[in-house]
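Asks: Dropping the sequence and predicted coords here.
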Amino acid sequence: MSNGIRFDQQLPNIERSQALLARASGLIPSCTQTLAKGPTQYVRGVAPVYLQRGAGSHVWDVDGNEYIDMTMAVGPLSLGYAYPRVDRAIRAQLEDGITFSLMHPLEVEVAEMIRAAVPGAEMVRYSKTGADVTSAAVRLARAFTKRDRVLCSGYHGWHDWYIGTTSRAGGVPKATRALTATFPHNDPIALLEELDEQVACVILEPVLFETLHRDFLPTLRKACTAAGALLIFDEMWTGFRVALGGAQERYDVTADLACFSKAVANGMPLSVLTGRADVMRGLEDDLFFFTTFGGEALSLAAAKATLSELREQQVPDALRVQGARLQEGYNRLAGEHRLTSTRAVGLESRTLIQFDANAGDPLLQKSLMQQELLRHGVLWSGFHNLSFSHGDAEVNHVLGAYDRALGVLHDAVKHGDLESRILGVPVQPVFRKTV
Ligand SMILES: Cc1ncc(COP(=O)(O)O)c(C=O)c1O
């Protein structure tokens, strides 16, 4: 792979990106299909807006600039861009067809692989997006328990039952909003107060960025069973990453249903619903969850190759090692620059860079960090979403880039001039929780 990435470059020329963005405004609402990839999440006028190509953990924007990518398509690229084994499987399947008039054998083969890898996956169904399967899980829980209320914690997708709990609840009926409540993650007491006999399910990302309270998941498991509510893990970020069997394996807690997408097919659109057979059999009754592309074969071929590679190469272990080097490296560098206001937190395979408000507006700190990393060829949106293609060379380069960027951040915090150092429009928040 060519490596055109150097330290201390000019900020990239983003002329073509800017021209495309101008064409999209007024044509594509918000200009994007994925908020986290859109123009509000990058310093406008400074950061590239459109990517053309990727290989391993490197990407090239439409102006030809090369970067090490720390976002990795917001999660799906567990192995990396253009990963040969997966791409070979997709090409081979393409020769035979993409989607068919009857079911395809890969539906069975991949389901067997998932059942072997994921604790509690007695039955398996597919769909295309994360929101598809979290919503199917909630509907299944409501049908199974004959209750309506939902408790959730984390992000679960764009559908009414969840997005109605946030500040972006436009178009969601009040009656629907009233049925879902959020609870603070990692706080078993707060959850127990909410969990009554009207609750159909508790759905959550098993782990976010805080160190998991040792009793949190086991308490949740016991409390759901006692209350007759189903426990649903949203494993979009933990699935096939924190262990091959996801958070259920890593924390030894089995949910009633578990939802996966992102890492399972290295970038192809596939999501997976797994769980207890007696609950999953609800999908055979009057509950409807079927969709045209659910068994599309290119994604299933990609999943088969991805799951094989994740297992054979012990990718979750590799992510843990490289992720720890980055996380510990960042925290050591922040200490060397006498910055106590920023830390890398979370699991090794997915780390968040936190900025404290006492050092200035966190979004301005994030914007400055993003801008400065671009000078050193690192495309960054506040996370380390690691892939198997982030090797030692990439980790060392990113740490070198952090060393320089943290120096600039330290100066800006010290002089209180964060805003004037940002050469474009700072990044914006996504949304707030309201319920
Ligand atoms: C934890 C979690 N759940 C659900 C979703 C929704 O997935 P999708 O965007 O594929 O619908 C996401 C998306 O980022 C997610 O991070």
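Replies: Thanks, I have it. Numbers count the residues shown, from 1 in each chain.

Asks: Phi first, then psi, for Asn385.
Replies: Here the main-chain torsion angles of Asn385 (degrees, to the nearest 10) amount to phi -100, psi 90.

Asks: how far away is the nearest residue to it once chain neighbours are set aside from Asn266?
Replies: In space, Asn385 comes closest to Met72 once its chain neighbours are excluded; the distance is 4.5 Å by C-beta to C-beta, 6 or more residues apart in numbering. The C-beta positions use only the backbone N, C-alpha and C, and glycine is treated the same way. Here Met72 is placed at a distance of 10 Å from Asn266 (C-beta to C-beta, to the nearest Å).

Asks: who touches both of the two?
Replies: By C-beta atoms under 8 Å, 6 or more residues apart in numbering, Met72 and Asn266 have these common neighbours: Gly80.

Asks: Give me the more crowded residue out of the two.
Replies: Taking other C-beta atoms under 10 Å, Met72 and Asn266 do not tie; Asn266 has more neighbours (33 against 28).

Asks: those strands in the stretch 201-350 of the chain, which residues are they?
Replies: For the stretch 201-350 of the chain, the strands defined by DSSP state E, counting those that start in this stretch cover 230-234, 257-260, 271-275, 342-347, 350-355.

Asks: Reformat the ones you listed as JSON lines; add mean neighbour count, mean pLDDT and distance to His415.
Replies: Output for the strands of the stretch 201-350 of the chain, formatted as JSON lines (neighbours: other C-beta atoms under 10 Å; pLDDT from 0 to 100; distance: least, C-beta to C-beta, whole Å):
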{"stretch": "strand 230-234", "mean neighbour count": "28", "mean pLDDT": "98", "distance to His415": "42"}
{"stretch": "strand 257-260", "mean neighbour count": "29", "mean pLDDT": "98", "distance to His415": "46"}
{"stretch": "strand 271-275", "mean neighbour count": "27", "mean pLDDT": "98", "distance to His415": "47"}
{"stretch": "strand 342-347", "mean neighbour count": "21", "mean pLDDT": "96", "distance to His415": "16"}
{"stretch": "strand 350-355", "mean neighbour count": "20", "mean pLDDT": "97", "distance to His415": "16"}
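
Asks: Now do the contacts for the residue in the stretch 51-200 of the chain positioned nearest to the ligand.
Replies: Across the stretch 51-200 of the chain, no residue is closer to the ligand than Gly130, which sits at 2.2 Å (C-beta to the nearest ligand atom). Remark: with contacts taken as C-beta under 8 Å, 6+ apart, Gly130 is in contact with His156, Gly157, Asp234, Met236, Cys259, Ser261, Lys262, Ser271.

Asks: same for the ligand: which of those are within range?
Replies: Contacts with the ligand are made by His156, Gly157, Asp234, Met236, Ser261 out of the contacts of Gly130, judged by C-beta under 6 Å from any ligand atom.

Asks: which two from the contacts of Gly130 end up farthest apart in space?
Replies: Greatest spacing in these, by C-beta to C-beta: His156 and Lys262 (13.1 Å).

Asks: Looking at the strands of the stretch 201-350 of the chain, spot the one closest to His410.
Replies: Ranking those by proximity to His410 (C-beta to C-beta) places strand 342-347 first, at 9.6 Å.

Asks: Parallel or antiparallel, list what pairs with that closest one.
Replies: Strand pairing for strand 342-347, using DSSP bridges, gives strand 350-355 (antiparallel).

Asks: close to the ligand, is the strand it pairs with?
Replies: No: counting by C-beta under 6 Å from any ligand atom, no contacts exist between strand 350-355 and the ligand, the nearest distance being 10.0 Å.

Asks: What are the contacting residues of that strand?
Replies: Defining contact as C-beta under 8 Å, 6+ apart, one finds that strand 350-355 is touched by 209, 237, 241, 323, 326-327, 330, 341-346, 362, 365-366, 369, 382-386.

Asks: Flag every residue of the stretch 101-250 of the chain that's near the ligand.
Replies: Thr129, Gly130, Ala131, Thr134, Gly154, Tyr155, His156, Gly157, Glu205, Asp234, Met236, Trp237.

Asks: Pipe those residues into TSV and attach distance to Lys146 per row.
Replies: Below are those laid out as TSV (distance: C-beta to C-beta, whole Å):
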residue	distance to Lys146
Thr129	27
Gly130	26
Ala131	24
Thr134	20
Gly154	25
Tyr155	27
His156	22
Gly157	24
Glu205	26
Asp234	23
Met236	28
Trp237	31
